[in-house]
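In: What follows is a protein structure lacking sequence information:
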């Protein structure tokens, strides 16, 4: 779960930076990289970022409101 949280967090941050650049500079990085906003690569990136955001929401709810980025457990003896 540690790896999934970390990868999801990074993807969501990249998505947020992309939206920020689009809002401030009118530059969409994903569109520039994949030569179009509806290309297969761009759609895959957008879907992965959306799934990462959903994962962070769901995993936080199931973890009791705590998003963990460590592999430690308090219940280990």
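Out: On my side now, so go ahead. This structure is a prediction, so every number in the text was calculated from the model and none was measured.
In: those helices in the protein, which residues are they?
Out: 2-25, 29-34, 40-62 (DSSP state H).
In: Pull out the buried positions in the first one.
Out: The reference is to helix 2-25. 5, 8, 9, 11, 12, 14, 15, 18 (16 or more other C-beta atoms under 10 Å). C-beta: built from backbone N, CA, C; applies to glycine.
In: and if you look at stretch 53-67?
Out: For stretch 53-67, by 16+ other C-beta under 10 Å, it's 53, 55, 56, 59.
In: Also stretch 26-38?
Out: Within stretch 26-38, the residues scored as buried using 16+ other C-beta under 10 Å are 28, 30, 31, 34.
In: Surely the second one touches residue 45?
Out: It stands for residue 30. Yes: if you go by C-beta atoms under 8 Å, residue 30 and residue 45 touch, sitting 5.2 Å apart.
In: quick revisit: what's the closest of the buried residues of stretch 53-67 to residue 38?
Out: Each of the buried residues of stretch 53-67 was checked against residue 38 using C-beta to C-beta; the closest is residue 53, at 20.4 Å.
In: which residues touch the closest one?
Out: Applying C-beta atoms under 8 Å, 6 or more residues apart in numbering, we find residue 53 in contact with 8, 12, 15.
In: one more time with 7 Å, if that's ok
Out: Neighbour list for residue 53: residue 12 [criterion: C-beta atoms under 7 Å, 6 or more residues apart in numbering].
In: what does residue 31 give?
Out: For residue 31, the contact set (C-beta under 7 Å, 6+ apart) comprises 37, 42.
In: same deal with the one 5 residues further on?
Out: In this structure, residue 36 makes contact with residue 42, judged by C-beta under 7 Å, 6+ apart.
In: quick one on the thing from earlier: could I get the helices of the chain in TSV, plus columns for mean pLDDT?
Out: As requested, these are exported to TSV (pLDDT from 0 to 100):
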stretch	mean pLDDT
helix 2-25	94
helix 29-34	94
helix 40-62	93
